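Q: Generate coordinates for the sequence data below:
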Amino acid sequence: HLATSLPLPSERDHLRPRIDLIAFMIDIKSKYSLKNVEASLAYVDATFFLGKVCFLVTGVGRANSCSVEMNAIWKLGEVYCSPVLFCELELEGIRVATAQRLLRMLQICAGHVPGVSALSFGSLMRSFADH
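A: Numbers count the residues shown, from 1 in each chain. Next up is the predicted model:
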């Protein structure tokens, strides 16, 4: 399910499926994209930041047309204890690899991978990024 911003409309709450993972997409070419994500973060329950949120940054292959500071993106990941994934949607191989990575994250967050919780997965992602 996709949403362009949060909060989600409340009139269909009773029909809404459980939310296992929130992937915030940030287009590195658009400051509005970052501002929209920052505004939406206020509507996310704090428990989601225990391994059930990630930031997906698109357009990274075009560094010369960046409107968003990379430090701002890294700070989001740090402040919200959430992994930051980078991808280039125009390249099929990277797009497929990113989709597979997100799917694996979703499987973990939904509890479909025995022995790995969303919280431990988030810790592993941060440990890996620190090296």
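
Q: Would you map the strands across the chain?
A: Using DSSP state E, the strands found in the chain span residues 22-27, 53-58, 84-87.

Q: What helices and strands are in contact with the shortest one?
A: Contact analysis of strand 84-87 by 3 or more CB pairs under 8 Å, 6 or more residues apart in numbering; DSSP states H and E lists strand 53-58, helix 70-79, helix 92-109 as its packing neighbours. Heads up, the C-betas are built off the backbone N, CA and C, glycines and all.

Q: Then the first one?
A: Strand 22-27 sits against helix 31-41, strand 53-58, with contacts defined as 3+ CB pairs under 8 Å, 6+ apart.

Q: quick one, the last one and helix 31-41 angle?
A: What it means is strand 53-58. Here strand 53-58 runs at an angle of 170 degrees relative to helix 31-41 (axes from the mean of the first three to the mean of the last three CA atoms, to 10 degrees).

Q: what lines up beside strand 53-58 in the sheet?
A: strand 22-27 (parallel), strand 84-87 (parallel) (DSSP bridges).

Q: hey, least reliable of those strands by pLDDT?
A: Between the strands paired with strand 53-58, the one with the least mean pLDDT is strand 84-87; it has a mean of 91.

Q: Pick the most buried one from the helices and strands packed on strand 22-27.
A: Of the helices and strands packed on strand 22-27, the one with the most neighbours on average (mean count of other CB atoms under 10 Å) is strand 53-58, at a mean of 22.

Q: quick revisit: can you put the strands paired with strand 53-58 in JSON lines and add mean neighbour count and distance to Arg101?
A: Listed next are the strands paired with strand 53-58 as JSON lines, based on neighbours: other CB atoms under 10 Å; distance: least, CB to CB, whole Å:
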{"stretch": "strand 22-27", "mean neighbour count": "20", "distance to Arg101": "10"}
{"stretch": "strand 84-87", "mean neighbour count": "19", "distance to Arg101": "7"}
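
Q: I'd like these laid out as a markdown table, including distance to Ile73.
A: Converted to a markdown table, those look like this (distance: least, CB to CB, whole Å):
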| stretch | distance to Ile73 |
| --- | --- |
| strand 22-27 | 6 |
| strand 84-87 | 6 |
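
Q: I'm done for today, thanks for sticking with me.
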